[in-house]
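Visitor: build the 3D model from these lines:
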Amino acid sequence: MRTGIVVTAMAVLALSGCSAFRTTPSSTSSAALQDFTGGHSIEQARNQLSSIEGLSDVSIEETKTVSGLNEHHEVSIAATVEDASAAPAFVDQLAQLGWSVNEAEPDTGVFIRLRTSPQLVIGDVAKERGWSEAAYTTSTAELKQLVLLSPDELKERFGPWPGEAP
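Guide: Residues are numbered from 1 along each chain as shown. Here you go, the predicted model:
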């Protein structure tokens with residue numbers, strides 16, 4: 001009986017610890033994730049993104065996901081391309097911009113959403129640009145806008161994180 005009580009108490013403590021971990025990032029981990037020796041801040045990246053000619057409806061975000069006790073980070077960039085024929089060059093430029101954000105290393109990769117008219121399969125565009133590990137699906141028109149570029153390929157092209165801004 002005593003063993004059951006101890007196990008139950010430990011489970012409650014473990015679950016409450018996981019819950020607190022997921023919702024409240026520690027100030028130590030946030031500080032350790034920042035690297036101001038290269039790249040630039042998310043705010044600087046937003047300013048640069050909004051100044052790129054040929055793009056509209058732009059956004060860039062650094063996000064954290066938690067799976068168990070593991071934290072993962074990604075940079076997501078979205079934009080509408082005014083001239084669909086310019087989309088290939090924007091894939092590379094936005095990938096470099098995402099890799100340069102120095103808030104937290106995007107160990108999940110850089111997500112790019114490009115809206116074009118007609119809608120191109122952005123994953124195919126990335127593959128044509130040499131992103132051999134590009135992850136994407138074409139099951140819906142909205143998903144054709146998305147591609148995930150791997151951290152390994154980002155590092156190969158742009159050097160160690162955080163890379164230089166384009």
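Visitor: all helices for the chain, in order.
Guide: Secondary structure of the chain (DSSP state H): helices at 2-23, 27-33, 42-50, 87-100, 122-128, 151-158.
Visitor: buried ones in the third one, by neighbour count?
Guide: Residues of helix 42-50 classed as buried under the neighbour-count rule (16 or more other C-beta atoms under 10 Å) are 45, 46, 48, 49. For glycine as for every other residue, the C-beta is placed from the backbone atoms N, C-alpha and C.
Visitor: farthest pair in the residues you listed?
Guide: Farthest apart among these by C-beta to C-beta are 46 and 48. That separation is 7.4 Å.
Visitor: give me the below-cutoff pLDDT ranges for this structure.
Guide: Scanning the chain for pLDDT under 70 picks out 1-37.
Visitor: surely residue 88 touches residue 124?
Guide: No - using C-beta atoms under 8 Å, residue 88 makes no contact with residue 124, being 10.1 Å away.
Visitor: was I right about residue 141 contacting residue 120?
Guide: No - look at residue 141 against residue 120 with C-beta under 8 Å: they stay out of range, at 10.9 Å.
Visitor: among the two, which residue is more densely surrounded?
Guide: More neighbours surround residue 120 than the other of residue 141 and residue 120, with 18 against 11 (other C-beta atoms under 10 Å).
Visitor: for the more buried one, list the residues it contacts.
Guide: Taking C-beta atoms under 8 Å, 6 or more residues apart in numbering as the criterion, residue 120 is in contact with 84, 87, 114, 144.
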